[in-house]
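>>> Need a 3D model of the sequence below.
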Amino acid sequence: MDQQVDALRDGIDRGEAVIVVHYACENLHTATDHPPAVSAIAVHSVAGSSTMVLSRTEYPAGTDAADAEVRMLTRFFEHLQNAAGAKVVHWNMSRAQYGFDALASRYRFLTNKEPPYVLVASARFDLDDLVAATRSMIELETMVLPIAACGLHCGRCSNR
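Coordinates of the predicted model:
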């Protein structure tokens, strides 16, 4: 895991793109017969200190919820594709039930198509793993905490 910390640190030092992704979804325990519905996705650019929030609520009233969700997911996957090569920091988004694979499954469930883009595993950096591998408080304060400040909290910590 120290290799991931080093790779992320080196990427930041070289000015490579680093983005943070987090999302809000339906309760994982109640969505038993379908991939959990996604209500919002936040993408934070560490270098630019800008956050893009995609939400089903950004579409006009009366828009079908599934259609709004497909549009939101499509925009997210296209954004990842446009940021190809970026290091993507996430919080526990490595499971089939919650994470990048779950977002792709939800897209497939709604559209019967493959997502426009799939983020390669080598570009994914789990914040929990980074914290566990961090050896000093200075490292934690200078690298991990600013990355964690994307600002979207989905309440999924109650699903752990």
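>>> Going by C-alpha atoms from here, please, whenever you check contacts or count neighbours.
Noted.
>>> Would you map the strands across the protein?
18-25, 38-45, 50-55, 87-90, 124-126 (DSSP state E).
>>> what about the shortest one, distance to the chain center?
Yep, that's strand 124-126 we're talking about. Averaging C-alpha positions (C-alpha atoms, centre = their mean, to the nearest Å) puts strand 124-126 9 Å from its chain's average.
>>> Residue nearest the middle of this structure, spatially speaking?
Geometric centre of the chain, nearest residue: Val21, 2.9 Å, by C-alpha atoms, centre = their mean.
>>> And it, what's its pLDDT?
What the model reports as pLDDT for Val21 is 92.
>>> and what of Gly48?
Confidence score, pLDDT, at Gly48: 77.
>>> The one 10 residues further on now?
According to the per-residue confidence, Glu58 scores 88 in pLDDT.
>>> ok, now His153?
pLDDT, His153: 46.
>>> before we move on, what about the one 3 residues further on?
pLDDT, Arg156: 42.
>>> And for Glu141?
52.
>>> Output the below-cut-off pLDDT ranges for the chain.
1-2, 135-160 (pLDDT under 70).
>>> could you measure Gly85 against Leu28, distance?
According to C-alpha to C-alpha, to the nearest Å, Gly85 and Leu28 sit 30 Å apart.
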